[in-house]
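A.B. asks: how would this look folded up:
(2 chains)
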Amino acid sequence: MVQEMRITLRNVGNINPCEVNDYVMAGGYKALEKARSLDRAELIAEVERSGRLRGRGGAGFNTGLKWRSAFEAEADQKYVICNADEGEPGTYKDRIILENDPHSIIEGMLICAYTIGATEAYIYCRGEYRKAISILKNAIKQAEEKGLTGEVHMHVVSGAGSYVCGEETALIQSLEGKRGEPRLKPPFPTIEGFRAKPTVVNNVETLATIPSIVEKGADWFKNTGKPGYPGTKIFSLSGDVKNKTYMEVPTDTTLRDIIYELGGGIPNGRKLKAVQVGGSSCGFLTGDMLDTSIDFDSMAEMGAALGSGSVLVIDDSHNMVDILVSIMEFFAHESCGKCVPCREGTRRMADLIGKIAKGEGTEQDLELVSKLAGYMKTSCFCMLGQSATTAISSALNLFEEDFQAKLIRGEA
Amino acid sequence: MLNVSITIDGKKISAPQNSTILDAAALAGIKIPTLCYMKDSNVKSNCRVCLVEVKGSRTFQPSCSTKVSEGMEIQTDTPEVRDVRKMSLELILSNHSWDCHHCLRIGNYELEELNEELCSFCFFCDCVKDGDCELQTLAKEYNVNKLPYAWAGEPYPLDQSTGAVVRNPNKCIKCRRCIETCTDVQTVNALSVVKRGNKLQVVPTLGKSLADSPCVRCGKCIESCPTGAIFAKEQFDEMLCTIRLQFNKKTIVNISSKIRTEIARLLEVDEASLDFKQIAAAFRKIGIDYVTTDEYAADRAMEDATKKLSDKLNGRSNGPVIISNSPSAIKFFNNEFTDLTDSLVTYPSNEQQFGQIAKSEWARENKIDPANVCTITLSENCSYKAEALLPEMSTDGYPNVDFVLTPREIARMFNKTAVDITKLEPCEFDSLGADKVARVDSLRSLLDNDAVQTDGVIAEMELLVNGERVKAAVAQNLGVVRRLLELVREGKSPYEIIRI
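C.D. replies: The predicted structure follows:
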């Protein structure tokens, strides 16, 4: 029997999130104390040595490297930003941490701030997470009162409701009060980020994992899960699965275990048709691909992605084109409108898929869908547009018969 | 500066380390198409037309923003690259008015099937930028003739509220060049982006009409727009009606020699071979009664300015004198620097001065009722169109200037009225009364735009006014005007005269 392993979610359900003392009693803020007694370079080495803690937001970038880059950049002011703009459809792992264990995030941010030498820290929280925002504000106040924040000023900022603001440069733009649109990279945020100063932007889950690594040491962390992507990962299950819930498992767990063991399998005696791991911007997997572990690289090898760790289970009662309709409408709605391929492409794609789903599409429409998907992948400004059509390409690859079934057959 | 060696289209070249692929390619004589790119402004990389292939890169890279690096291998013109550029153009055009690439009149939507000779007689397809549009040029180059997508239509109304700067949002390609110009160069901040995805729009501040925004009608956005989404209001149809149908009207046009270059460019004729007097002949050909040059009016305006300036300097208590005859600079001043109003001296623009002379002295001398004088001036700057509409710009109840035409309108008018300017015999100008005043030259260096080339910086000079040496500064773009006026406001201006 597969078991959950709660490192990041260690306190969820066990403490009162509105009481800092609960967190301290549970061993909280010890890591911060330990970190502050260490040399900064040593601390970064420790995070790096953790066998590459990789960002849990979706891109899987090495956290140690990010910190080192910001640490080595010279500036009079540096910033730490927690990316809590959780917007990927079907993903709710960050909300669980934000609402149940805010101090683990704050502790992670304070460790990061100490490490890179930042005195300003921001939590950019999804605007819809009102409960989380008030919990965070309360937690920051309590941490300040207990003198835990030291010289670091912490702020909570509400997002304004745009998916693209989860992209770190767009998040920074939004935080600066500008339009939420991605910036040109380079310069990367660790060199020129918020207010053109070195900035580390980390995901909620990444930051909440930091205290455990600092406290228990890199070796402990390295030995959990898959070596290339060690540690645990939180998954949020949704769709045609019995237990629509979140779970934290070591990264060497297989997808089959997540869906059938922890998730309880498919309800109503249906069979599994496809799984979309990582959110709307990721590809699909079929039933015969479930025995791979869910770490970042194994998923990438399968042509899918781990992404944010959402698991959307689709049973065999669906035609994939119908699933794609809502995915494409989502991207057409969330495109910021900056670049041509995404601004016009997402809309056209949503129209074309909608047309096919209604049974009005032709062979030419399908060709255009395929061409447009390839074009957007290589031509859009940021990852939103580049990955908006991943699901379509993947569905075309794996379930072409679903598209064909919807097309109008031309008279011979 | 250090150089790096790169390969562009198989050609090994050495390029400065910090240059973009676009600039490096230009050094190698390779032209990469651009659309949202505008020299000397922030790089936006929105349009994706300048995408190129960089070896080892997962995606195509925008050449306007990607810096070269040692050993980089770049392909600028592969079939794949051309294909993605074409797809971007198709997407843009399927959300753009049709009047340039899609002839409804003959039910034909393939560019190559359009007959150029037939087109030149057709008045249906009528984009103001026809023939001078960056999008149209690219669409032709990339053979965009059939759009694979359903046309998005023309959902937005025209904004003609200013009477000078007109916006057609249906032709906007959201490149944001106008916003850069309005915000960064002119610091007027009249334009911004609202909404997102394909509902994104460039609109005057807070979605109001241009007239209700801080717009000062400087027309710089028109210069920066690659398509026909922002243009100077066209008046030539109305003017031709006046010439041809109102027989009691005497029409008089005032031409400045400055517009010769632009007219030659728009008419695609060699500038050197275009005689200024041929332009006069062209105006006579379309039926204008009198054609004059702008020197006399300019001298009169300068005489007025000199007198006002000298009076103001004599009577002033402290602070510099700000002098202007530019309608957009005066509007900008009135929008943002009303606390300095006491220092402002205004004098007539050449356009207004001409109109005023024509409807008073000139009309009397030629025994024409001022009610029957129709005045026309030519100017590259569309702010004079807005100025002509102001109620205070009139003499004895008649507006000083009836029509202000831009070079683009003139070129379009000549084309539509079949005036072949190269074949016309040059003809002499009429006199507005030039032999009567002595020219006032003492402040020419300050007041004549030709004498002052400011080009975005503060032009400083020393002048002799009332026997005193004074320090003066001239600014032509409004960003510089703002800097100068803020100095005045803070009491830190080193200048005694500022012309804006």
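A.B. asks: Taking chain B, what residue is nearest to chain A?
C.D. replies: Closest residue of chain B to chain A, CB to the nearest CB: B:L200 (3.2 Å). Placement of C-beta: from N, CA and C, glycine included.
A.B. asks: For A:R347, see how far away that residue is.
C.D. replies: With distances taken as CB to CB, to the nearest Å, B:L200 is found 10 Å from A:R347.
A.B. asks: These two: who's more crowded?
C.D. replies: A:R347 (24 against 19; other CB atoms under 10 Å in any protein chain shown).
A.B. asks: How about the contacts made by the more buried one?
C.D. replies: A:332, A:335, B:197-198 (CB atoms under 8 Å, 6 or more residues apart in numbering or on different chains).
A.B. asks: Scan these and report the most crowded one.
C.D. replies: Neighbour counts for the contacts of A:R347 (other CB under 10 Å) peak at A:S335, which has 29 neighbours.
A.B. asks: Torsion angles phi and psi at it?
C.D. replies: Torsion angles at A:S335 (phi, psi; degrees, to the nearest 10) stand at phi -60, psi 130.
A.B. asks: tell me the mean pLDDT over stretch B:100-118?
C.D. replies: Mean pLDDT, computed over stretch B:100-118, is 58.
A.B. asks: sorry, back to before: ok, and the closest non-adjacent residue to the residue of chain B closest to chain A?
C.D. replies: Closest residue in space to B:L200, ignoring its immediate chain neighbours: A:G337 at 3.2 Å, by CB to CB, 6 or more residues apart in numbering or on different chains.
A.B. asks: Count the neighbours of that neighbour for me.
C.D. replies: Around A:G337 there are 24 other residues, counting by other CB under 10 Å.
A.B. asks: hang on, it packs against B:R176?
C.D. replies: No. Assessed by CB atoms under 8 Å, A:G337 is found out of contact with B:R176, at 10.5 Å.
A.B. asks: Can you pull the residues that touch both of those two?
C.D. replies: Common neighbours of A:G337 and B:R176, using CB under 8 Å, 6+ apart, are B:V193.
A.B. asks: Could I get the pLDDT score of residue 141?
C.D. replies: In the absence of a named chain, this looks at chain A. The score at A:K141 is 97. That number is its pLDDT.
A.B. asks: hm, I was asking about chain B
C.D. replies: On pLDDT, B:E141 comes in at 89.
A.B. asks: And the residue in the stretch 251-400 of chain A positioned nearest to chain B, how far from B:I263?
C.D. replies: Closest contact between the stretch 251-400 of chain A and chain B, by CB to the nearest CB, is at A:G337 (3.2 Å). Relative to B:I263, A:G337 is positioned 38 Å away (CB to CB).
A.B. asks: and if you look at A:K197?
C.D. replies: With distances taken as CB to CB, A:K197 is found 51 Å from B:I263.
A.B. asks: Let's see the pLDDT reported for B:V452.
C.D. replies: On the pLDDT scale, B:V452 gets 67.
A.B. asks: The one 4 residues further on too?
C.D. replies: You'll see B:G456 listed with a pLDDT of 71.
A.B. asks: Show me where the stretch 51-200 of chain B has its strands.
C.D. replies: Listed in chain order, the strands of the stretch 51-200 of chain B (DSSP state E, counting those that start in this stretch) span B:51-54, B:61-62, B:73-75, B:165-167, B:191-194.
A.B. asks: okay, the ones you listed, which one's buried deepest?
C.D. replies: Of those, the one with the most neighbours on average (mean count of other CB atoms under 10 Å in any protein chain shown) is strand B:165-167, at a mean of 26.
A.B. asks: could you say what helices and strands that one packs with?
C.D. replies: Contacts defined by 3 or more CB pairs under 8 Å, 6 or more residues apart in numbering or on different chains; DSSP states H and E place strand B:165-167 against strand B:230-232.
A.B. asks: Can you tell me the strand partners of the strand it packs on and which way each runs?
C.D. replies: Note on strand B:230-232: by DSSP bridges, its sheet partners are strand B:165-167 (antiparallel).
A.B. asks: next one: the partner strand to chain centre, how far?
C.D. replies: Centroid separation for strand B:165-167 versus its chain: 12 Å, with CA atoms, centre = their mean, to the nearest Å.
A.B. asks: what's next to that strand, contact-wise?
C.D. replies: Under the contact criterion CB under 8 Å, 6+ apart, strand B:165-167 has outside partners B:158-160, B:204, B:210, B:215, B:217, B:219, B:221-222, B:229-233, B:382, B:386.
A.B. asks: Specify the stretch among the strands of the stretch 51-200 of chain B that is closest to A:T169.
C.D. replies: Closest to A:T169 of the strands of the stretch 51-200 of chain B is strand B:61-62 (CB to CB; 15.1 Å).
A.B. asks: Other residues contacting that closest one?
C.D. replies: With CB under 8 Å, 6+ apart as the test, strand B:61-62 has contacts from B:21, B:45, B:48, B:50-54.
A.B. asks: Give me the neighbour count for A:S308.
C.D. replies: For A:S308, using other CB under 10 Å, the count is 30.
A.B. asks: Can you name the residues that contact it?
C.D. replies: Contacts of A:S308 (CB under 8 Å, 6+ apart): A:56-58, A:86, A:88, A:91, A:93, A:278-279.
A.B. asks: so, if you compare those, which one comes nearest to chain B?
C.D. replies: Nearest member of the contacts of A:S308 to chain B, counting by CB to the nearest CB, is A:G58, at 16.4 Å.
A.B. asks: pLDDT at the closest one, what is it?
C.D. replies: 84.
A.B. asks: Distance of it relative to A:F188?
C.D. replies: Distance of A:G58 to A:F188, given as CB to CB: 17 Å.
A.B. asks: same check, this time on A:H333
C.D. replies: 28 Å.
A.B. asks: tell me the contacts of B:S97?
C.D. replies: B:127, B:154, B:168, B:170-171, B:228.
A.B. asks: if you set the cut-off to 10 Å instead, what comes out?
C.D. replies: Residues counted as contacts of B:S97 (CB atoms under 10 Å, 6 or more residues apart in numbering or on different chains) are B:127, B:151-154, B:156, B:168-172, B:227-229.
A.B. asks: Going by neighbour count, which of those are buried?
C.D. replies: When neighbours are counted using 16 or more other CB atoms under 10 Å in any protein chain shown, the contacts of B:S97 contain these buried positions: B:127, B:152, B:168-172, B:227-229.
A.B. asks: For chain A, tell me which of the residues you listed show up nearby.
C.D. replies: Residues of the buried ones among the contacts of B:S97 in contact with chain A (CB under 10 Å from any CB of the partner chain): B:A152.
A.B. asks: Among the buried ones among the contacts of B:S97, which ones are in helices?
C.D. replies: Judged by DSSP state H, helices contain none of those.
A.B. asks: just the buried ones among the contacts of B:S97: which has the poorest pLDDT?
C.D. replies: The member of the buried ones among the contacts of B:S97 with the lowest pLDDT is B:A152, at 82.
A.B. asks: now for the longest helix belonging to chain B, which elements pack on it?
C.D. replies: The residue-count maximum for a helix in chain B (DSSP H) belongs to helix B:295-315. Judged by 3 or more CB pairs under 10 Å, 6 or more residues apart in numbering or on different chains; DSSP states H and E, the packing partners of helix B:295-315 are strand B:250-255, strand B:321-324, strand B:344-346, helix B:350-357, helix B:444-447, strand B:459-465, strand B:468-474, strand B:497-499.
A.B. asks: got the angle for it vs strand B:468-474?
C.D. replies: Angle of helix B:295-315 versus strand B:468-474, following axes from the mean of the first three to the mean of the last three CA atoms, to 10 degrees, is 120 degrees.
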